[in-house]
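1. I would like the atomic coordinates for the input below:
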Amino acid sequence: MPVYEYHCEKCGENFDLFVRSATQQNEPICPKCKSTEVKKAISLFGVGSASGNSNLSAASCGSGPT
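-> Model (predicted):
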């Protein structure tokens, strides 16, 4: 069950929408201004560990050192 991120073009609100199934996807509505002028946002994620190692990044996901 995916969670999608959206951005409202009208008021600028960013929000998440939990989708129960692919067949139940209704048109997303902004929870702040009730507009249907929303676009799916690009989700970014962080890579790291609980120990706080900041040497890892999304850029390090490629091939190893040559």
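
2. Do a quick rundown of the strands in this structure.
-> 3-8, 14-18, 38-40 (DSSP state E).

3. List of residues touching the first one?
-> Going back to what we said before, that points to strand 3-8. The contact list for strand 3-8, computed with Cβ atoms under 8 Å, 6 or more residues apart in numbering, reads 13-19, 28, 30, 32-33, 35, 37-43. Every C-beta, even on glycine, is put in place using the N, C-alpha and C of the backbone.

4. Over to the second one?
-> Strand 14-18 is touched from outside by 1-8, 28, 30-32, 41, with contacts defined as Cβ under 8 Å, 6+ apart.

5. try the shortest one
-> With contacts defined as Cβ under 8 Å, 6+ apart, strand 38-40 is touched by 4-9, 28-30.

6. Same list (the contacts of strand 14-18) but as a markdown table, adding pLDDT.
-> Listed next are the contacts of strand 14-18 as a markdown table, based on pLDDT from 0 to 100:
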| residue | pLDDT |
| --- | --- |
| 1 | 67 |
| 2 | 79 |
| 3 | 84 |
| 4 | 88 |
| 5 | 92 |
| 6 | 94 |
| 7 | 95 |
| 8 | 97 |
| 28 | 91 |
| 30 | 96 |
| 31 | 95 |
| 32 | 97 |
| 41 | 88 |
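
7. and the residues you listed, which are buried?
-> By neighbour count, with 16 or more other Cβ atoms under 10 Å, the contacts of strand 14-18 hold 6-8, 28, 30 as buried.

8. For those residues, work out which two are farthest apart.
-> 7 and 28 (10.2 Å; Cβ to Cβ).

9. what residue ranges in the chain score low on pLDDT?
-> 1, 22-25, 43-66 (pLDDT under 70).

10. repeat that for 80
-> 1-2, 19-26, 43-66 (pLDDT under 80).

11. Just give the number of residues close to the nearest residue to residue 2 once chain neighbours are set aside.
-> Using Cβ to Cβ, 6 or more residues apart in numbering and skipping the chain neighbours, the partner closest in space to residue 2 is residue 19 (5.5 Å). By the criterion of other Cβ atoms under 10 Å, residue 19 has 14 neighbours.
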